[in-house]
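> following is a predicted model, sequence given first.
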Amino acid sequence: MALPKSVSLFEVGPRDGLQNEKSVSTEAKIALVQDLAHAGIKRIEAASFVSPKWVPQMADSAEVLKGIQRLDGVRYSALTPNLKGLELALDAGASEVAIFAAASEGFSQKNINCSIEESIERFIPLMEKAKAHNLPVRGYVSCVLGCPYDGEIAVSEVVRVSEILYKLGCYEISLGDTIGVGTPLKARKMVEAVAARVPEDKLALHFHDTYGQALANILACLETGISVIDTSVAGLGGCPYAKGASGNLASEDLVYMLHGMGIDTGVDLKRLAAAGNAISQALGRTSGSKVARALG
Ligand SMILES: CC(C)(COP(=O)([O-])OP(=O)([O-])OC[C@H]1O[C@@H](n2cnc3c(N)ncnc32)[C@H](O)[C@@H]1OP(=O)([O-])[O-])[C@@H](O)C(=O)NCCC(=O)NCCSC(=O)C[C@@](C)(O)CC(=O)[O-]
């Protein structure tokens, strides 16, 4: 299969990135989401309605969603682990939500305090309520290329959980290499196996860059027909339940590569890098994007 003509970025920096940062003001979070929208990103994960006891960094999610000056055509998403999270997301005006499961039992227990099967049971009433509100739901599968607790993960398990989420009604399944251990051929084989059960135009890649492999892994998977990639501006992030994990691939680095290959993203790279530089400055560090640093 040929490379796609265009790729759409699903920006997770304000959620996946900032869920790991202890002292970011609500204003800085709102400014980041707005900057990303002005750079041309159309789907931004801006909030996470999880237990504030588990992830206190996201406790101001409702204020963030309510405080954003929204742009037409941009969807502002929120992570929701259960019905309570969905209700909070609806109240705060999320344009879509995401449920998150894992392909590994160990990670499911550490991250959401239940087994994979229990998590699916929890998602059923959430999906029903979201449907009643015409709210699109995205589904994440974590640990698709390895788990910090269980090690190697069988591809068959990734396929199984992805298919369950798709059949539950998720409009898109995002495949998460949570700890960034994947390498290109392995990543591609995993994606091909999932794409045999879930249409490739319903799949997205969510690759962390812990081992510096994310860009290569994404390139290897683009030829399978996938054209939605989750990235994190300035490479923000990690996962509070995956020790040592670094952020998703930096959005700027992906946009630079795709534009260089003649693949359209609809994103203004300079504005994107400026958004990443501004939040990095608020965090007291330089951007984690190599492209943003090179652009100066
Ligand atoms: C799932 C739970 C809630 C289970 O946590 P639990 O302790 O088993 O749940 P519970 O139902 O017993 O509730 C405990 C307390 O939390 C409250 N509560 C319960 N739910 C909510 C909610 N939605 N919003 C606000 N509060 C909530 C609930 O009301 C109660 O409060 P209390 O009575 O003690 O005062 C917890 O484990 C949790 O919040 N986990 C989230 C962990 C997390 O956010 N991890 C990071 C995101 S996942 C990720 O980064 C991976 C991803 C998506 O990026 C893909 C990849 O890279 O692989």
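In hand now; what should we look at? Residues are numbered from 1 along each chain as shown.
> which parts of the stretch 51-200 of the chain sit against the ligand?
By C-beta under 6 Å from any ligand atom, the residues of the stretch 51-200 of the chain that approach the ligand are 51-55, 81-82, 84-85, 88, 100, 111-113, 140, 142, 176, 178. No exception for glycine: its C-beta is placed from N, CA and C like everyone else's.
> show me where pLDDT drops low in the stretch 101-250 of the chain?
In the predicted model of the stretch 101-250 of the chain, residues 238-240 satisfy pLDDT under 70.
> mind listing the helices for it?
105-112, 116-132, 155-168, 184-195, 214-222 (DSSP state H, counting those that start in this stretch).
> type out the PyMOL command that picks the buried ones from the residues of the stretch 51-200 of the chain next to the ligand.
Buried members of those can be picked out in PyMOL with the line below, counting by 16 or more other C-beta atoms under 10 Å:
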select buried, resi 55+81+82+85+88+100+111+112+140+142+176+178
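> for the ligand, what's its nearest residue on the stretch 51-200 of the chain.
residue 176 (2.7 Å; C-beta to the nearest ligand atom).
> measure that residue to residue 151 for me?
Plainly put, residue 176 is 16 Å away from residue 151 if you go by C-beta to C-beta, to the nearest Å.
> just residue 135 next, same as before
Computed with C-beta to C-beta, the distance linking residue 135 and residue 151 is 36 Å.
> neighbour-wise, which of these two wins?
When neighbours are counted by other C-beta atoms under 10 Å, residue 135 comes out ahead of the other of residue 135 and residue 151, with 19 against 11.
> please tell me I have it right and that one contacts residue 97.
Yes. Shown here, residue 135 and residue 97 form a contact pair, counting by C-beta atoms under 8 Å, at 6.2 Å.
> now for those two: what residues contact both?
Common neighbours of residue 135 and residue 97, counting by C-beta atoms under 8 Å, 6 or more residues apart in numbering, are 86, 89.
> how far out from the middle of the chain is stretch 13-26?
Relative to the chain's own centre, stretch 13-26 is displaced by 14 Å; criterion: C-alpha atoms, centre = their mean, to the nearest Å.
> flag every buried residue along it.
Within stretch 13-26, the residues scored as buried using 16+ other C-beta under 10 Å are 13, 14, 15, 16, 17, 18, 19, 20, 21, 24.
> confidence score at the residue lying farthest from the centre of the chain?
In the chain, the residue that sits farthest from the middle, by C-alpha atoms, centre = their mean, is residue 296; the gap is 26.3 Å. pLDDT, residue 296: 88.
> please tell me how far it sits from the ligand.
Here the criterion is C-beta to the nearest ligand atom, to the nearest Å. By it, residue 296 lies 30 Å from the ligand.
> how about residue 226?
16 Å.
> that residue: what's it in contact with?
With contacts taken as C-beta under 8 Å, 6+ apart, residue 226 has the following neighbours: 4, 191, 195, 200, 203, 204, 205.
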